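Asker: Structure here, sequence nowhere to be found:
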DNA sequence: GTTGACACCTGGACGC
DNA sequence: TGCGTCCAGGTGTCAA
């Protein structure tokens, strides 16, 4: 699924391709993707030029002359650049016709969302307003995480997936960060020490930096888009490795459900 | 206030 | 081969 590394990769690639291009027409084939009024969404964007693309957490923010178009890829959302003449594929739900090519939003499971905001509405948009500090934010510290979690009985994995605490981590990287930090994903958050929170921050930064430099992770549920295929899956230590030997100690990797999420860990390396 | 269950949605894997 | 069932998971909502 797209996590921060995948979203950042999409942002960088899209930025090179669509900046300074003007929207001539917008077609929406599945209204559920658009949180705003669909007719307004289609008409307001005509004539707008993409002037920048930002990212906060897992949100992509397309900036045009007069609006912000915020887009969350959720589970399987992707963007493709295609020529006008290419036929609309089954799962392409929103198509932006630019001056000399099309930008298409593709989403098999239709979980993704888009919202068109006036320039002064971005900071008050609920999805973005409640985001916690980004996992790669230099202001993120172990103390910040510790203060947020140390009274909770919830498993530490559940807390790290909570975007209002730390934004950007998803199921894959949380498993990897917890492995690198030697913390069991099922441990109650109140039992995680300040020192371990420092370690979580350090390992999160290391893993996300590496994942971004690899272009993200490409697994079954998140395949390539925009001609970019991430390679971080080659570095995964536990995620999707159930039944295989731990690369550090040869113990068989265990899979359980934590907060309804498939969770992978090494029972010897993680305590 | 906290926690867990469920809905959204579709394709792939798996068992029979 | 074909069918039915389960699983995948980010996020919002609702009930306990």
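Answerer: Perfect, thanks for sending it. These numbers were taken from a predicted model, which means no experiment stands behind them. Numbers count the residues shown, from 1 in each chain, chains lettered A, B, ... in the order given.
Asker: Now residue A:157, what are its backbone angles?
Answerer: phi -60, psi -40 (degrees, to the nearest 10).
Asker: who touches it in this structure?
Answerer: Contacts here follow Cβ atoms under 8 Å, 6 or more residues apart in numbering; on that basis residue A:157 touches A:174, A:175, A:178, A:185, A:186, A:258, A:259, A:261, A:263. Bear in mind the C-beta positions are built from the backbone N, C-alpha and C, glycine included.
Asker: what's the answer for residue A:121, then?
Answerer: With contact set as Cβ under 8 Å, 6+ apart, residue A:121 has these partners: residue A:68.
Asker: residues contacting residue A:2?
Answerer: Per Cβ under 8 Å, 6+ apart, neighbours of residue A:2: A:10, A:58, A:73, A:74, A:75, A:76, A:77, A:78, A:170, A:216, A:222.
Asker: who's in contact with stretch A:16-27?
Answerer: A:41-42, A:45-53, A:64, A:81, A:94-101, A:103, A:226.
Asker: Just those: which are in strands?
Answerer: Using DSSP state E, the members of the contacts of stretch A:16-27 that fall in strands are A:50, A:51, A:52, A:53, A:64, A:81, A:94, A:95, A:96, A:97, A:98, A:103.
Asker: Now the residue in chain A positioned nearest to DNA strand C: phi and psi?
Answerer: As assessed by Cβ to the nearest atom of the strand, DNA strand C sits closest to residue A:262 within chain A, at 2.9 Å. Backbone torsions for residue A:262, taken as degrees, to the nearest 10, come to phi -60, psi 130.
Asker: isn't it right up against residue A:170?
Answerer: No - judged on Cβ atoms under 8 Å, residue A:262 makes no contact with residue A:170 at a distance of 11.9 Å.
Asker: Looking at the two, which is more packed in?
Answerer: residue A:170 (22 against 14; other Cβ atoms under 10 Å).
Asker: which one is the more buried one nearest to, not counting chain neighbours?
Answerer: Excluding the flanking residues, the one nearest residue A:170 by Cβ to Cβ, 6 or more residues apart in numbering is residue A:3, at 3.6 Å.
Asker: I'd like to know how far the one you found sits from residue A:131.
Answerer: Going from residue A:3 to residue A:131 by Cβ to Cβ, to the nearest Å gives 14 Å.
Asker: Who has more neighbours out of these two?
Answerer: residue A:3 (24 against 17).
Asker: Quick check, pLDDT for the more buried one.
Answerer: Model confidence at residue A:3, given as pLDDT, is 82.
Asker: nearest residue to residue A:197 other than its sequence neighbours?
Answerer: Nearest one to residue A:197, counting by Cβ to Cβ, 6+ apart, is residue A:142 at 3.7 Å.
Asker: Just the buried positions in stretch A:14-27, please.
Answerer: Neighbour-count burial for stretch A:14-27, counted by 16 or more other Cβ atoms under 10 Å, picks out A:14, A:17, A:18, A:23, A:26.
Asker: ditto for stretch A:241-249
Answerer: A:241, A:246.
Asker: end to end, how far does that stretch reach?
Answerer: Using Cα to Cα, to the nearest Å, the end-to-end distance of stretch A:241-249 comes out at 14 Å.
Asker: quick one: the strands in the stretch 1-150 of chain A?
Answerer: Counting by DSSP state E, counting those that start in this stretch, the stretch 1-150 of chain A has these strands, from start to end: A:23-28, A:50-56, A:59-64, A:67-72, A:78-82, A:92-98, A:102-106, A:113-118, A:133-134.
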